[in-house]
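**Student:** Kindly generate the corresponding structure for this input.
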Amino acid sequence: MSPDTQSTTIPRHVRHGSNAGQPVSRRDGVLKVTGAATYAADNHPEGMLHAVIVPSTIARGRVRSLDVSAAKAHPGIVEVITPENRIPLHFDPNDKMPPFGFRVEVLQDDSVRYVNQPIAVVVAETLEAATEGARLLAPRYEEELPRTDLDNGERYDAEAVGVGAPAVTTAGDIDAGFAAATRVTEAEYYTPPQYHNAMEPHAVVAEWNGDHLTLDMPNQALRMSAASYAQYFGIPVENVLIRSPFLGGGFGSKAILNGPQILGILAARQVGRPVKLVLTRAQMYGPVGHRGRTWQKLRLGTDAEGKLTALHHTSIGATSSFDDFVEPAANTSLMLYASPAIRADHKGLRLDIGTPGPMRAPGEASGSAALEVAIDEAAQACGMDPLAFRLANYAETEPTSGRPYSSKALRECYEQGAASFGWSNRPLEPGTMRDENGFLVGWGMGTAVFPCPQFPAEARATLRADGTALVETGGVDMGQGAWTALAQLAAEALGLDLDQVEFHSGRSDLPDGGVAGGSGHTASAGQALSNAGSDVIAQLSEIAVNDPDSPLFGAGNIGVVAGEGRLYRRDDETRSETYAEILARAGRAELVGSGKSGRDPASADRFAMNSHGAVFAEVKVDPALMQVKVTRLVGAFAAGRVINPKLVRSQYYGGMIWGISFALQEEALADRRTGRIMNADLAEYHVPVNADVPEMEAILVPEVDPHVSPLGIKGVGEIGVTGTVGAIANAVWHATGIRVRKYPIRLEDLLARR
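**Tutor:** Got it, this is the predicted structure:
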């Protein structure tokens, strides 16, 4: 099956009436589990060559020499691309491309700024020849001492953090707040560098036909990326086609242009043949983004009743020596707890590393990992139950602006999660619970929060003569189930069963589906699809009510409703007819409707918009070895309207599992002497496997939000991480009485303080 076919013909799930709100199984599931799904690197156009990146093995310095002649002498080598012979680009890679582009390394000079930076590209007839040619280049360096940590990095005042967020935000008089406090709780926290490590590595298959470019690649923002690649190579945007029907995970890393993919495209242009470039697992640690490490400090003032008087959250975020993505960790404290004074501020730390970037819950994951532990520490200082403390400091309006929430069912999340978990049986003092085997047992909780953005998006819906429909949007399914949820929304708007709707997606030449990021894709592309379907129904209704031969004739003022492939007179449902009958009598082969989405600026200015949740964790700790095992997780989440509860639960589970990874396992370890990451593989870069995943429950708390969008949809993909990390850390303290403020929590840290 070709990429063109796969991206547009999806097996129909035969289930009548299974539209929005129903737990429909993934439409693409059979293709994936049978191996029929084609990912970027599975494409092999005729005459294709293989390209291999030559990564730097030092973190700072210059490339002194490359043995190009030795590499070119190897059989099968077609070209060796270095800074000396690389063809020019139309856009300067040292500039940052809007809207959130990064500076990239595409052989513009011989400088080395981090380990795994591309320093050459070898193109060959086979992957084996290209790999051997890369080895034969045998680079020599002029090496400088790398900056690898807080003690030798360059601190600076960040102008902005994340994707354009303020580096400093203050509400209220922070000094007066602390002066009014009965007690002040203060602590420092560390979160490590983490790498996306999606199952599918970054890859590109690039083919030029004159000045037309076709790309097979995993990509989270098709139309935006097509425009960026067009700028890099100086061609019209309509000449760029990106095909991305399937993504083997993205987590933010595949929404951003990166050097290796640009080099793959450049190589294809330079040699005049299609080229495939796929990063190895080790090469993904550097040039394609990661979650930057943070050093955070929280200071909380509380009064005699346990209410916050001041909250000050500071964070130092690591970034590269040449770019400015700083994890917006401290901004998490702006969203959750009522305090008359709040301050969040950030500083950057320049290290000789690849530039960090957005990674699942960027800022919120790292920030909540510190904030939720600090909240527990303040509760402990006040002698209060952690849940009671959070309820005492519940924010009825957004703490820093005073804006009302568009909706907020966090109280219900607390209540339902605590009831299911059995939180009322939790003893206040740590180290007092043991199981039948003598293991220490601890219970902890954390509050989950994540914004709910809506991006501009477009869609098209075509009603066919037989009453079925084709709906199209250049959306992205990186595993979240977009092919299914988006089709459900389109079917609902069209008044059709899901099996009557054909869904096309995964191509940049379709209407712009927006960005699959920020947990906003369903809200964005889904609203556009819903509007496109509504446009079709409006056109169909206009035809019917003005047709004297229609049973709906004259119902213009009364109105009609759509459902089950028919239009019904609103005041008399016995008067109806099928879509096919209306089109046939009008002599129309099809009706085409369009739709767009974008948040109402008035609502965005008036309301604070977030998803909320509460996570409760149980851990068991071996008292001799201090080995920690998460044994139970209960998460209760409120995220507006739920389109597909089966897919939503899957996302919540995935987020909570990532929380286990963050709290107990995940960390990239760098050699301070060289800057090399020592565990750049999936054997030693630990993430949870099935044996690490406990009994889990995800509670879908009902929530109606009339302001966030006409459909009332928020996002679910990232919120599950945010409450879970702190919940696990707090549970470890409750089991052991030992407060570890460095992630991941390791048994040696517990043993050292036992």
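**Student:** Adjacent strands (with direction) for the helix or strand where R575 lies?
**Tutor:** Using DSSP states H and E, R575 maps to strand 572-578. In the sheet, strand 572-578 lines up against strand 566-569 (antiparallel) (DSSP bridges).
**Student:** So which bits of the strand holding R575 are buried?
**Tutor:** Under the neighbour-count criterion of 16 or more other CB atoms under 10 Å, strand 572-578 has R575, S576, E577 buried. In this view, the C-beta of every residue, glycine as well, is placed from N, C-alpha and C.
**Student:** and if you look at stretch 63-70?
**Tutor:** Burial within stretch 63-70, assessed by neighbour count using 16+ other CB under 10 Å, is assigned to V63, L66, V68.
**Student:** Over to stretch 147-158?
**Tutor:** For stretch 147-158, burial by neighbour count (16+ other CB under 10 Å) applies to R147, T148, G153, A158.
**Student:** Contacts for it, please.
**Tutor:** With contacts defined as CB atoms under 8 Å, 6 or more residues apart in numbering, stretch 147-158 is touched by 59-60, 167, 295, 316-318, 321, 324, 326, 346-353, 670-672, 675.
**Student:** From those, keep the buried residues only.
**Tutor:** Applying 16+ other CB under 10 Å to the contacts of stretch 147-158 flags 59-60, 167, 295, 316-318, 321, 324, 326, 346-353, 670, 675 as buried.
**Student:** Narrow the residues you listed to those in strands?
**Tutor:** The strands, defined by DSSP state E, take in W295, I316, G317, A318, H346, K347, G348, L349, R350 from the buried ones among the contacts of stretch 147-158.
**Student:** and the next element down the chain from the top helix by length along the chain?
**Tutor:** Scanning the chain for the helix with the most residues, using DSSP state H, yields helix 521-545. Next in sequence after helix 521-545, counting helices and strands by DSSP H and E, comes strand 560-563.
**Student:** hang on, the earlier thing: off-centre distance for the strand holding R575?
**Tutor:** How far strand 572-578 lies from its chain's middle: 45 Å, per CA atoms, centre = their mean, to the nearest Å.
**Student:** tilt between it and helix 521-545?
**Tutor:** If you take axes from the mean of the first three to the mean of the last three CA atoms, to 10 degrees, strand 572-578 sits at 100 degrees to helix 521-545.
**Student:** ok, back up a step: now the buried residues of stretch 147-158 as CSV including distance to T400 and secondary structure?
**Tutor:** Compiled in CSV, the buried residues of stretch 147-158 are given as follows (distance: CB to CB, whole Å; DSSP: H, G, I helix; E, B strand; the rest coil):
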residue, distance to T400, secondary structure
R147, 34, coil
T148, 35, coil
G153, 30, coil
A158, 19, coil
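**Student:** Out of the residues you listed, which comes closest to N546?
**Tutor:** Among these, A158 lies closest to N546 (CB to CB), at 60.5 Å.
**Student:** Okay, that closest one and G164: tell me how far apart.
**Tutor:** A158 sits 11 Å away from G164 when distances are taken as CB to CB, to the nearest Å.
**Student:** just A457 next, same as before
**Tutor:** 20 Å.
**Student:** Show me which of those two is the more surrounded one.
**Tutor:** Shown here are A457 and G164; by other CB atoms under 10 Å, A457 has more neighbours (28 against 10).
**Student:** for the nearest residue to that one once chain neighbours are set aside, what are its contacts?
**Tutor:** Spatial nearest neighbour of A457, excluding adjacent residues (CB to CB, 6 or more residues apart in numbering): G514 at 3.5 Å. By CB under 8 Å, 6+ apart, the contact set of G514 is A221, R223, F455, P456, A457, G475, G520, H521, S524, A525, A528, S597.
**Student:** for G655, same thing?
**Tutor:** Shown in contact with G655 (CB under 8 Å, 6+ apart): R360, A361, G635, V716, G717, E718, I719, G720, V721, T722, T724.
**Student:** rerun at 7 Å
**Tutor:** The contact partners of G655, taken as CB atoms under 7 Å, 6 or more residues apart in numbering, are E718, I719, G720, V721, T724.
**Student:** Now V184. Nearest residue, chain neighbours left out?
**Tutor:** Nearest in space to V184, with sequence neighbours left out and distances taken as CB to CB, 6+ apart, is G301 at 5.1 Å.
**Student:** Who are the packing partners of the helix or strand hosting the one you found?
**Tutor:** Using DSSP H and E, G301 sits in strand 294-302. If you count contacts as 3 or more CB pairs under 7 Å, 6 or more residues apart in numbering; DSSP states H and E, strand 294-302 packs onto strand 183-191, strand 308-319, helix 364-381.
**Student:** Strand partners (parallel or antiparallel) of it?
**Tutor:** As defined by DSSP bridges, the strand partners of strand 294-302 come to strand 183-191 (antiparallel), strand 308-319 (antiparallel).
**Student:** Now S368: closest residue in space that isn't a chain neighbour?
**Tutor:** Once flanking residues are discounted, S368 sits nearest to T722: 4.3 Å by CB to CB, 6+ apart.
**Student:** element containing the one you found?
**Tutor:** helix 719-736.
**Student:** what pLDDT, on average, does that helix get?
**Tutor:** Averaged across helix 719-736, pLDDT comes to 98.
**Student:** picking up where we left off before, let me see the residues that make contact with the strand holding R575.
**Tutor:** Outside strand 572-578, the residues within contact range by CB under 7 Å, 6+ apart are G467, S550, P551, L552, G565, R566, L567, Y568, R569.
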